[in-house]
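Chemist: here is my input; please provide its structure:
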Amino acid sequence: MGTLQRRTITLNDTIDLRAGIPALAQQWRAGAWCDAEFAAIYFLYYQIARHGARFASRTARAAAKPRADLILNTLLNTPQPSAALIDFFSHHHFLQIIPNVNHAFVAWLQGRWRIQLLEHIPTPLEVLHLQTQGIRPATVVCSYPRLLQPVLTKRDGLHFLAHDLEHAYKFFHDPVTHLMQRQFFQALYDMANAGDFCNYLSDARFGEKFDYLISDMNTHVAHGVHFLRAILIESALRAQGKAMSEQVPPHAQQEVLGLLKKITQTCGIQWEQVMPDGAFIRETANSAA
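Modeler: Numbering: from 1, shown residues only. Next up, the predicted model:
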């Protein structure tokens with residue numbers, strides 16, 4: 001591990017994101033903290049800078065009241081602060097942050113979940129490949145003022161990191177659905193590499209929704225298959241110049257059914273879960289909205 005640059009923060013200090021986050025990132029790159037520790041420190045530092053004394057609240061009266069100066073002094077001046085971080089994330093809520101983020105941080109810090117810290121936004125295919133390996137990415141935006149600006153659909157770097165950890169929770173928290181998701185993503189990865197979706201990926205609207213499916217949709221596999229079915233049907237209808245309410249032509253039905261069966265066979269999903277009545281069910285544009 002690298003050497004910490006020790007500092008003291010007082011209760012009246014203003015937390016400076018302009019200098020603070022880049023300086024913390026420099027220490028992390030030099031080996032002061034592991035990835036999970038730095039991500040948690042980044043989150044806390046940004047959360048305190050954004051909300052001040054309101055940054056967190058206790059989960060129970062027995063827990064210590066959160067004080068920004070105390071927690072930052074502890075973290076920034078303690079080598080390998082994982083234990084302190086685990087304790088803090090286990091006993092506090094964070095303003096405007098859902099509890100799943102806390103759970104993800106704790107599991108990451110304990111080494112139970114494989115989360116890969118990045119400084120860039122991965123492409124959807126990069127995310128898909130990581131998921132086939134049982135990994136979810138988490139991105140920290142460390143440059144100023146970029147960290148204050150929107151990151152994709154999220155308001156800033158803080159909320160983008162929180163969003164990544166929400167997805168990590170959905171990917172890891174249940175061992176059964178985790179395994180099924182990995183099988184589903186592996187099937188999609190293999191089929192994409194084999195060119196099975198080439199005819200559909202020339203449709204920009206399909207491509208956008210397919211990117212969402214492979215990188216930003218951590219749910220039960222049956223829901224993923226339903227979503228894939230819907231966007232395949234929509235694309236087939238657009239290719240024929242048909243309205244979303246019209247019947248899919250027979251040849252397109254067979255092509256879509258073939259892709260869906262290939263996916264379900266690989267994932268171990270019962271066909272009846274996708275087609276309960278054995279029929280080819282029409283989907284409207286709203287199905288994949």
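
Chemist: list the contacts of stretch 197-213.
Modeler: 124, 188, 191, 224, 227-228, 231-232, 234-235, 238-239, 259, 288 (Cβ atoms under 8 Å, 6 or more residues apart in numbering). The C-beta positions use only the backbone N, C-alpha and C, and glycine is treated the same way.

Chemist: stretch 163-174 now?
Modeler: By Cβ under 8 Å, 6+ apart, stretch 163-174 touches 98, 100-101, 103-105, 107-108, 112-113, 115, 131, 136-139, 154, 178, 181, 216, 218-219.

Chemist: pull out the buried residues from the strand or helix carrying Tyr212.
Modeler: Element membership for Tyr212, per DSSP states H and E: helix 204-215. Of all the residues in helix 204-215, those buried under the rule 16 or more other Cβ atoms under 10 Å are Phe206, Gly207, Lys209, Phe210, Asp211, Leu213, Ile214, Ser215.

Chemist: related to what we said a few turns ago, nearest to Ala39, of the contacts of stretch 197-213?
Modeler: Sorting the contacts of stretch 197-213 by distance to Ala39 puts Pro124 at the head of the list, at 21.5 Å, by Cβ to Cβ.

Chemist: what's around that closest one, how many residues?
Modeler: 16 (other Cβ atoms under 10 Å).

Chemist: do you know how far it is from Leu76?
Modeler: Using Cβ to Cβ, to the nearest Å, one obtains 35 Å as the distance from Pro124 to Leu76.

Chemist: can you tell me how far the residue located most distally from the centre of the chain sits from Ser235?
Modeler: What lies farthest from the middle of the chain is Pro250; by Cα atoms, centre = their mean that is 37.5 Å. Separation of Pro250 from Ser235 (Cβ to Cβ) stands at 16 Å.

Chemist: also Trp33?
Modeler: Trp33 is 45 Å from Ser235, by Cβ to Cβ.

Chemist: these two: which has the busier surroundings?
Modeler: Trp33 (27 against 24).

Chemist: surely the more buried one touches Gln26?
Modeler: No: taking Cβ atoms under 8 Å as the definition, Trp33 is not a contact partner of Gln26, at 11.5 Å.
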